[in-house]
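Enquirer: here's a sequence, model it:
(one chain, ligands or ions: 1)
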Amino acid sequence: MNRIEKVMQTLVKNNENAFVPYIMAGDALVEQIAFLEKAGATAIEIGIPFSDPVADGPVIQRAGKRSLENGTTLRGVLRTIADIRPIIHTPLIIMTYMNPIMALGISEFIDECSRSGIDGLILPDLPIEEEEIIAPFAEKAGIEIIRLVTLTSPLERIEEISKKGRGFLYAVTVNGITGARKGFNEQLGEHLQRVKSVSSLPVLAGFGISSPSHVQEMNQYCDGVIVGSKIIELLEARDLAGIEELINASKITHVKN
Ligand SMILES: O=P(O)(O)OC[C@@H](O)[C@@H](O)c1c[nH]c2ccccc12
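Expert: Next comes the predicted model:
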């Protein structure tokens with residue numbers, strides 16, 4: 001069983017909520033992974049910098065630009081992860097656009113991920129209809145593809161997508177790009193409940209989540225959250241207590257709606 005599947009099954013069984021931080025791979029990757037594991041992250045999403053991050057807002061775009069300027073490469077990130085894998089127990093998920101994968105070669109990419117002990121992939125610009133180009137390789141290597149559903153995904157499509165994986169379903173909370181939001185559409189709770197009602201996988205909400213109250217709000221409807229831009233802002237501000245506060249907010253169990 002894949003690490004992601006194992007931790008998610010345990011969390012759901014204990015009626016606990018997941019907290020998955022996203023960080024941009026760069027010079028401080030090892031320290032950041034170690035800190036997030038100690039702070040209680042359920043899994044860690046690691047972004048590979050890319051020159052045209054179409055789904056990303058300014059915070060992640062800037063982090064990616066800095067990382068590229070510092071010479072970060074996909075292969076280099078996977079080598080770093082291979083080095084620390086023996087001491088890191090938290091599931092690690094690579095989030096990357098397809099271009100860096102195509103440049104390396106799909107089969108070579110999956111082999112490197114497997115050697116590094118990567119547990120999951122989030123591939124935001126690979127439509128489900130085209131995932132056959134990589135899914136068989138990932139499946140064979142025991143690497144989970146974490147699929148995204150949006151506010152406009154029809155319920156039957158959400159149900160079908162949720163049958164494909166064994167990790168979790170990524171429910172995007174806004175129409176648009178990543179980046180901390182002040183608030184969310186008032187129909188979001190209902191939408192997450194509908195996703196949850198048809199999903200055979202745990203459902204994690206992501207995009208825009210940037211405060212402990214957002215975390216607690218989302219956890220009334222789903223099995224956890226993914227937070228990226230706010231985590232990067234807090235890391236840039238060296239506000240580690242702020243990150244711990246967000247993670248601890250996911251530890252408060254709720255009566256689910
Ligand atoms: O940054 P936010 O608004 O907290 O959203 C999570 C997001 O950062 C992370 O999951 C991610 C970063 N880049 C992406 C591109 C597409 C989908 C998801 C992502």
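Enquirer: contacting residues for Ser213?
Expert: For Ser213, the residues meeting the contact criterion (Cβ atoms under 8 Å, 6 or more residues apart in numbering) are Ala249. For the C-beta atoms, the positions are set from N, CA and C on the backbone; glycine is no exception.
Enquirer: with the one 4 residues further on instead?
Expert: For Glu217, the contacting residues are Phe184, Gly189, by Cβ under 8 Å, 6+ apart.
Enquirer: so how far is Phe35 from it?
Expert: Taking Cβ to Cβ, to the nearest Å as the measure, Glu217 and Phe35 are separated by 25 Å.
Enquirer: spell out the secondary structure type for the residue nearest the centre of the chain.
Expert: Here the mean C-alpha position of the chain is nearest to the C-alpha of Glu45 (Cα atoms, centre = their mean), at a distance of 4.4 Å. With DSSP: H, G, I helix; E, B strand; the rest coil as the basis, the three-state label of Glu45 is strand.
Enquirer: then Ser67?
Expert: The assignment at Ser67 comes out as helix when based on three-state DSSP.
Enquirer: the one 4 residues further on now?
Expert: Using three-state DSSP, the secondary structure recorded for Gly71 is coil.
Enquirer: how close does it sit to the ligand?
Expert: From Gly71 over to the ligand the distance is 21 Å, taken as Cβ to the nearest ligand atom, to the nearest Å.
Enquirer: neighbours around whichever residue of the chain sits closest to the ligand, how many?
Expert: Using Cβ to the nearest ligand atom, Gly228 is the residue of the chain that sits closest to the ligand, at 2.0 Å. The local packing count at Gly228 equals 28, with neighbours defined by other Cβ atoms under 10 Å.
Enquirer: for the one 3 residues further on, same thing?
Expert: Applying other Cβ under 10 Å, we find 29 residues neighbouring Ile231.
Enquirer: residues in contact with it?
Expert: Contacts of Ile231 were listed using Cβ under 8 Å, 6+ apart, and they are Pro21, Tyr22, Ile23, Ile243, Leu246.
Enquirer: again with Ala82
Expert: Contacts were defined as Cβ under 8 Å, 6+ apart; by that measure Ala82 touches Arg115, Ser116, Gly117.
Enquirer: and stretch 211-223, what's buried?
Expert: Of all the residues in stretch 211-223, those buried under the rule 16 or more other Cβ atoms under 10 Å are Ser211, Pro212, His214, Val215, Glu217, Met218, Asn219, Tyr221, Cys222, Asp223.
Enquirer: quick check: mean pLDDT of that stretch?
Expert: For stretch 211-223, the mean per-residue pLDDT is 97.
Enquirer: ends of that stretch, what's the gap?
Expert: Across stretch 211-223, the straight-line distance between its terminal residues is 17 Å, by Cα to Cα, to the nearest Å.
Enquirer: is the closest residue in space to Ser229 that isn't next to it in sequence in a helix, a strand, or coil?
Expert: Counting by Cβ to Cβ, 6 or more residues apart in numbering, Val59 is the residue found nearest to Ser229 once chain neighbours are left out, at 4.2 Å. Assigned state for Val59: helix (three-state reduction, three-state DSSP).
Enquirer: what pLDDT does the model give Val59?
Expert: Per-residue confidence for Val59 comes out at a pLDDT of 98.
Enquirer: was I right about it contacting Gly179?
Expert: Yes. Applying Cβ atoms under 8 Å as the test, Val59 and Gly179 come out as touching, 6.1 Å apart.
Enquirer: any residues in contact with both of the two?
Expert: Overlap between the neighbourhoods of Val59 and Gly179 consists of Ser229, taking contacts as Cβ under 8 Å, 6+ apart.
Enquirer: so which bits of the stretch 51-200 of the chain are right by the ligand?
Expert: Ala55, Asp56, Ile60, Met95, Pro124, Thr178, Gly179 (Cβ under 6 Å from any ligand atom).
Enquirer: and those residues, which is closest to Leu169?
Expert: Proximity of those to Leu169 (Cβ to Cβ) peaks at Pro124, which lies at 14.1 Å.
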